[in-house]
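> Could you work out the structure for the sequence below:
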Amino acid sequence: MLMQMKHSLVMTILGADRPGLVSSIAEVVNRHKGNWQESRMARLAGQFAGILRVECPPEEMEALRSALGDFTNQDIHITIVNEPLLEADNRHTLGIDVVGNDRPGIVHQLARALADAGANVEEWTTGLESAPMSGHPLFRVSGKVSMASPGDERKLREAIENLSDDLSVEIH
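Sure, this is the predicted structure:
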């Protein structure tokens, strides 16, 4: 029996949040023999924002794209790209957690430090929380970055810690 090759589609979804939105999208994916591989979703300021990767048989790809396009009538914007086939690389993945006083430009500074250290953002979640004693806003980022080699961890830590004395950095 021949094994049928499947194709991956990566999608971004943005629109007004409502109950049943994810279910509606999952139903369309299922109807076209798609397999929901992975996703990240959030509600931000009343908007639904999601990214997902779906595998589907080649003969269903165009029909799936078309069916997902129907969500535009509901003010849900879906962008779809074919996932490029990348050669496996030998990058080393690290978890990072950074906490510090919130201030304008902190995301830019942190992103620049990561890039300068040779780190690639694999997954990143940012947010604000209240400091335990004072209640002033603290910025927090948690996620994963990849580096060319395991020895680059020290370089990454130094790049982040050099941004400010008030940053707590944990790399694992």
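
> who's in contact with the residue nearest the centre of the chain?
Using CA atoms, centre = their mean, the residue of the chain that lies closest to the mean C-alpha position is residue 123, 5.0 Å off. Listed by CB atoms under 8 Å, 6 or more residues apart in numbering, the contact partners of residue 123 are 40, 143, 144. Backbone N, C-alpha and C define where each C-beta goes, glycine included.

> beta partners of the nearest residue to residue 98 once chain neighbours are set aside?
Nearest residue to residue 98, sequence neighbours excluded (CB to CB, 6 or more residues apart in numbering): residue 141, at 4.9 Å. Bridge pairing for residue 141 (DSSP bridges) gives the partners residue 98, residue 126.

> any idea how far residue 33 is from residue 141?
38 Å (CB to CB, to the nearest Å).

> Of the two, which one has the most company?
When neighbours are counted by other CB atoms under 10 Å, residue 141 and residue 33 differ, and residue 141 comes out ahead with 20 against 14.

> Which element, helix or strand, includes the residue nearest to the centre of the chain?
Using DSSP states H and E, residue 123 sits in strand 120-130.

> Averaged pLDDT, that strand. What do you get?
Mean pLDDT, strand 120-130: 95.

> quick revisit: how far away is the residue nearest to residue 98 from residue 39?
20 Å.

> Then residue 159?
Distance from residue 159 to residue 39, by CB to CB: 30 Å.

> Among those two, which residue is more densely surrounded?
residue 159 (20 against 15).

> Would you agree the more buried one falls within a strand?
No. Using DSSP: H, G, I helix; E, B strand; the rest coil, the assignment for residue 159 is helix, not a strand.
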